[in-house]
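Enquirer: fold the following and give me the result.
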Amino acid sequence: MKVFETQLPGVGRRYQVSFPAGGTFSIVIHNDGSRQVFWRDDPDSDSEELFTTTERDAQKLAEIFEGAFFESVSDDLDNALSEARVKWVAIPDESSVVGQTIGEVGIRTQTGISILAIERGDQTIANPLPDTQLQADDILVVVGEDDAHQALDTLLSQP
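Expert: Here you go, the predicted model:
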């Protein structure tokens with residue numbers, strides 16, 4: 001499989017994936033965040049548009065391919081986590097949160113993010129307590145909605 005990336009001035013970026021068995025899968029990511037997906041059976045044929053999707057729905061598709069997509073199976077909880085995303089976020093060395101505890105920083109209060117675990121080297125701290133100290137290069141396993149993830153990114157990037 002070969003992947004090619006092309007800048008499309010004024011439009012966005014195109015990614016083409018060529019498969020050894022034949023066929024080309026193309027995704028155009030427009031500057032506005034929308035995505036168009038195309039398929040071409042052979043190099044001499046025109047590409048056929050399969051669908052257009054939003055950035056949010058593209059994230060869901062990527063999570064399915066990655067094996068990380070989760071939907072609850074209980075009828076009363078059908079869409080409880082449909083807006084939530086689990087992500088792995090590294091704490092930069094220069095972040096203002098380094099050396100503080102989760103409680104001191106107030107991550108959940110400030111961002112709406114819940115920390116599920118912290119990966120620190122070869123160690124995993126599951127369900128960290130508020131008195132767990134944050135260290136540079138910790139990997140936070142967090143869950144929250146898109147706006148909460150953005151708030152966390154902002155918080156962690158402050159020196």
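
Enquirer: could you look up the SS state of T109?
Expert: Counting by DSSP: H, G, I helix; E, B strand; the rest coil, the backbone at T109 sits in helix.

Enquirer: what's the neighbour count on it?
Expert: By the criterion of other Cβ atoms under 10 Å, T109 has 9 neighbours. The way it works is simple: take the backbone N, C-alpha and C, and place the C-beta from them, glycine included.

Enquirer: name the nearest residue to G12, sequence neighbours excluded.
Expert: Closest residue to G12 apart from its sequence neighbours, by Cβ to Cβ, 6 or more residues apart in numbering: H30 at 4.4 Å.

Enquirer: was I right to think the one you found contacts V37?
Expert: No - between H30 and V37 there is no contact, the gap being 11.9 Å when judged by Cβ atoms under 8 Å.

Enquirer: what bridges to the nearest residue to P43 once chain neighbours are set aside?
Expert: Nearest non-adjacent residue to P43, counting by Cβ to Cβ, 6+ apart: T24, 7.5 Å away. Under DSSP bridges, the beta-bridge partners of T24 are S18, R40.

Enquirer: any idea how far T24 lies from D57?
Expert: Here the criterion is Cβ to Cβ, to the nearest Å. By it, T24 lies 22 Å from D57.

Enquirer: what sits up against stretch 103-114?
Expert: 97, 115, 130-131, 134, 142-145, 147-149, 151-152, 155 (Cβ atoms under 8 Å, 6 or more residues apart in numbering).

Enquirer: what's the end-to-end length of it?
Expert: Stretch 103-114 has an end-to-end distance of 12 Å (Cα to Cα, to the nearest Å).
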